[in-house]
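> I'd like to go over a predicted model; first the sequence, then the structure.
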Amino acid sequence: MIKGIDVSHHQAPSAINWSTLAKTHGFVFVRATYGTTRDRACADHVKRARAAGLKVGLYHFYRQTRSVESQLAAFAEVAELVKLGPGDLPPALDLEANTRWDGPPDPVRYGYASNILDAWEDQWGQFIVYTTQAFWHQMGKPARWLDGLLWVAHWGVKEPATPGGEPWDFWQHKVSPLEGVYRHQLDQNVYQGETLPVLDGKAIDPIDARLDALLEEMRPVLRKHLEAR
């Protein structure tokens, strides 16, 4: 297994000993956006993690009170800012309760999160979903959430419970200080495999992808039209 951490502005980038972390860990998930709000520490976290030789991935915290379109746009701006692309981890969608700010989670509104996954799959070819078994059940067991890589949170156990009993890819297994790296609380993860899944090739712009598909559909019609002339 490969160890990793996940961070947001709650962890100051300058307070993390990145070179020490890189001796025992291989990846970092960095929060890019919270709903439509950019995480102010994202770019600095990404810069320092890459400089230390760690694989980097961005995650987006889904908010049911914000439109899918506005959340996609916010994430896309940060992805462009840090040049998310080949060699980076696929984008991850954080799906969990946010009762304090968004009220009780609504399965219908969380169902719209699948539209984000659709857009990311079109653009990046892959996606990751972060959730828990309990929350997945609470939201009506949405099958779409399990179509990509699974990042499951379950602390204090030897093996995590997973949505639908599906095999996990990433496991957030505990939150605690990491000696020599960070003195405060830090989310700690592992990847179940020998080689991290990374984006390969240039990201596809969603608009270009739709145009290519449309042209492909029109090709037989255009050919017949040209042959008839």
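Perfect, thanks for sending it.

> Low-confidence regions, this protein specifically.
201-227, 229 (pLDDT under 70).

> Pick out the residue closest to the middle of it.
In the chain, the centroid-proximal residue (C-alpha atoms, centre = their mean) is residue 92; its distance is 0.9 Å.

> these two touch, right, residue 199 and residue 128?
No: assessed by C-beta atoms under 8 Å, residue 199 is found out of contact with residue 128, at 11.3 Å. The C-beta positions use only the backbone N, C-alpha and C, and glycine is treated the same way.

> out of the two, which sits in the more crowded spot?
The neighbour comparison of residue 199 against residue 128 (other C-beta atoms under 10 Å) goes to residue 128, with 22 against 18.

> what's the closest non-adjacent residue to that one?
Excluding the flanking residues, the one nearest residue 128 by C-beta to C-beta, 6 or more residues apart in numbering is residue 92, at 3.8 Å.

> quick one: that neighbour and residue 118, what's the gap?
Distance, residue 92 to residue 118, by C-beta to C-beta, to the nearest Å: 15 Å.

> Residue 73 too?
Taken as C-beta to C-beta, the span from residue 73 to residue 118 is 15 Å.

> So if I had to pick from the two, which one is more boxed in?
More crowded of residue 73 and residue 118, by other C-beta under 10 Å: residue 118, with 15 against 12.

> one step back: identify the contacts common to residue 199 and residue 128.
89, 90 (C-beta atoms under 8 Å, 6 or more residues apart in numbering).

> And residue 47, how far from residue 41?
From residue 47 to residue 41 the distance is 10 Å (C-beta to C-beta).

> Those two: who's more crowded?
residue 41 (19 against 14).

> hang on, the more buried one packs against residue 12?
Yes: Residue 41 is within contact range of residue 12, at 7.2 Å (criterion: C-beta under 8 Å).

> can you pull the contacts of residue 163?
131, 132, 133, 136, 137, 141, 145, 146, 150, 152.

> which residues touch the third one?
Contact partners of residue 133, counting by C-beta under 8 Å, 6+ apart, are 152, 154, 160, 161, 162, 163.

> Need the phi and psi values for it.
phi -60, psi -40 (degrees, to the nearest 10).

> which non-adjacent residue is nearest it?
Here the residue nearest residue 133, using C-beta to C-beta, 6+ apart, is residue 161, at 4.2 Å.

> returning to that earlier point: am I right that the residue nearest to the centre of the chain is in contact with residue 129?
Yes: the pair residue 92 / residue 129 is scored as a contact, 7.1 Å apart, by C-beta under 8 Å.
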